[in-house]
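Participant: quick one, what's the 3D model for this:
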Amino acid sequence: VGGGGDANPEGDAEDPHGAWCKGVPVGELAAIDAAANRRRDGKKLTAKGREKAVAAATKEADACRARASEQRDKWADGKRRRELFQRTWLALLRAPFPDDIYRKILVRAHADVMPHMPSPVTLSDFFTASIDRGGLDGMLALNGIFHLMTKHQLEYPKFYDKLYGLLDSSCFRAANRRGFFELLDVFLKSPALPAYLAGAFIKRMSRLAIHAPPAGAVLAVAYCHNLLRRHPGCGVMVHRENGGKSTDSDPFAADEPDPARCRALESSIWEMEAMSKHYHAQVSKFSEVLKKDLNDRVKTAEIPVKDICEANYGSLISEELRARVKTAPMASMLGGYRGLFRDAVTAECLGGSVRWAAETE
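Facilitator: Numbers count the residues shown, from 1 in each chain. Got it, this is the predicted structure:
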């Protein structure tokens, strides 16, 4: 290991942590190895001689590093590289992209692009324009805006208004719904949210649960449960009896885009009562969690939304097929058969012992 200008062509591959530039690799580990194997007059150095050789090689390596740092090459200027990186990305984002590439940028920008930019806030216009596009692009862009708000002091007062507007029935059928609902859980995690805002999201989820597929209804119930537990002030929505029991008598303004004006806290979550009578057994059973005392934080726990986001028709059917049924009463034990095809052919197929329910039932 030396400091001069003679470069070792094999040094870059041999040195485990030495310089990857400036020609000659440097580093104390390489110096120690060279000093330990150095010979004088065909004999190995003594322990004291090796110590002196290592100290000399280390000193020479330090001098080599000092000379390298004094050259100040443009490509070695980290600040300049970061500025060029930022300018390149800003120019690139002005170009049109295919939808799949555009969404990959939205998903990974906060982790792969922002940390290397001297001023990540310059991406706020890109994320804001993506939110205005709505749909899946708007959902994914919220993550970048939220990252800028929490990490880089970006002021975006209409963030939760945009989030509220993007939450509609199409979210439960979107291809990337898992990513959106996981982000939604992060956005609504803070217990510092005002009661009117938490109530608006609770009511919006309750209303969407009526028209959502079974997996979406379970997810909506889980969100309502977690938000009610985080915000005890929204408990009036559970216990209010005159908050309307249908869409006609409900004071909640479902078409109001501003969560502060939707009158959610004046309403009740009668939709969750309807979930207890849902046609799908898993939905009706899962809705029972809302009957617990959610103000008791010791006996209750938040539902992990991440595990539910992946649910779909296939997973619900698989779960039903794997379930062990303890009792399965036959139709004949419930007062006779009730079928769509009450004719002679059906009776012949089922045998002569078939007993149909009375016509009056």
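Participant: all helices for the stretch 201-350 of the chain, in order.
Facilitator: Using DSSP state H, counting those that start in this stretch, the helices of the stretch 201-350 of the chain run over 214-230, 236-239, 270-275, 281-286, 305-308, 313-322, 344-350.
Participant: from the contact counts, what lies against the fourth one?
Facilitator: Judged by 3 or more CB pairs under 8 Å, 6 or more residues apart in numbering; DSSP states H and E, helix 281-286 is in contact with helix 214-230, helix 313-322. For the C-beta atoms, the positions are set from N, CA and C on the backbone; glycine is no exception.
Participant: any chance of these in TSV, with distance to G78 and mean pLDDT too?
Facilitator: Shown next, in TSV, are the helices and strands packed on helix 281-286 (distance: least, CB to CB, whole Å; pLDDT from 0 to 100):
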stretch	distance to G78	mean pLDDT
helix 214-230	42	91
helix 313-322	48	82
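Participant: so which of those helices comes closest to L90?
Facilitator: helix 214-230 (36.1 Å; CB to CB).
Participant: tilt between the closest one and helix 313-322?
Facilitator: Put simply, helix 214-230 runs at 90 degrees to helix 313-322, going by axes from the mean of the first three to the mean of the last three CA atoms, to 10 degrees.
Participant: so how far is helix 214-230 from its chain's centroid?
Facilitator: 16 Å (CA atoms, centre = their mean, to the nearest Å).
Participant: and L219, what does it touch?
Facilitator: Residues near L219 by CB atoms under 8 Å, 6 or more residues apart in numbering: 172, 181, 212, 305, 308-309, 311.
Participant: the helix ranked longest in the chain: which residues count as buried?
Facilitator: Counting by DSSP state H, the longest helix found in the chain is helix 47-71. The neighbour-count check on helix 47-71 (16 or more other CB atoms under 10 Å) flags 50, 53-54, 57-58, 60-61, 64, 68 as buried.
Participant: ok so, going back, any idea which of the helices and strands packed on helix 281-286 is most buried?
Facilitator: Mean neighbours per residue, mean count of other CB atoms under 10 Å, is largest over the helices and strands packed on helix 281-286 for helix 214-230, with a mean of 23.
Participant: sorry, back to before: which one of the buried residues of helix 47-71 is nearest G233?
Facilitator: Among the buried residues of helix 47-71, A68 lies closest to G233 (CB to CB), at 62.4 Å.
Participant: which sections of the stretch 251-361 of the chain are below the confidence cut-off?
Facilitator: Applying pLDDT under 70 to the stretch 251-361 of the chain flags residues 327-361.
Participant: could you report the neighbour count for the closest residue to S267 other than its chain neighbours?
Facilitator: Leaving aside its sequence neighbours, S267 sits nearest to F252 (CB to CB, 6 or more residues apart in numbering; 4.0 Å). Other residues within reach of F252, judged by other CB atoms under 10 Å, total 25.
Participant: off-centre distance for the longest helix of the chain?
Facilitator: That offset, for helix 47-71, works out to 50 Å (CA atoms, centre = their mean).
Participant: now do stretch 319-326
Facilitator: Distance, centroid of stretch 319-326 to centroid of chain: 30 Å (CA atoms, centre = their mean).
Participant: please apply the same query to stretch 148-159.
Facilitator: On CA atoms, centre = their mean, the centre of stretch 148-159 falls 18 Å from the chain's centre.
Participant: coming back round to it: how near is the residue nearest to S267 to A55?
Facilitator: Counting by CB to CB, to the nearest Å, the gap from F252 to A55 is 79 Å.
Participant: still on that earlier bit, dump the helices and strands packed on helix 281-286 to CSV, plus distance to L140.
Facilitator: Formatted as CSV, the helices and strands packed on helix 281-286 follow (distance: least, CB to CB, whole Å):
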stretch, distance to L140
helix 214-230, 18
helix 313-322, 23
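Participant: now E319, nearest residue through space, not along the chain?
Facilitator: Closest residue in space to E319, ignoring its immediate chain neighbours: Q282 at 7.2 Å, by CB to CB, 6+ apart.
Participant: quick one: contacts for the one you found?
Facilitator: Q282 sits next to 214, 218, 316, 319-320 when contact means CB under 8 Å, 6+ apart.
Participant: of all those, which two lie farthest apart?
Facilitator: Top of the distance list for the contacts of Q282 (CB to CB): V218 and E320, 13.1 Å.
Participant: hang on, the earlier thing: looking at the helices of the stretch 201-350 of the chain, spot the one closest to L92.
Facilitator: Closest approach to L92 among the helices of the stretch 201-350 of the chain (CB to CB): helix 305-308, 32.2 Å.
Participant: got the buried residues for the closest one?
Facilitator: For helix 305-308, using 16+ other CB under 10 Å, the buried residues are 305, 308.
Participant: sorry, back to before: could you say what helices and strands the longest helix of the chain packs with?
Facilitator: helix 28-36.
Participant: now the buried residues of helix 47-71 in a markdown table, with distance to F146 and pLDDT?
Facilitator: Shown next, in a markdown table, are those (distance: CB to CB, whole Å; pLDDT from 0 to 100):
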| residue | distance to F146 | pLDDT |
| --- | --- | --- |
| R50 | 58 | 74 |
| A53 | 57 | 77 |
| V54 | 52 | 75 |
| A57 | 52 | 77 |
| T58 | 48 | 77 |
| E60 | 51 | 79 |
| A61 | 46 | 76 |
| C64 | 47 | 74 |
| A68 | 42 | 69 |
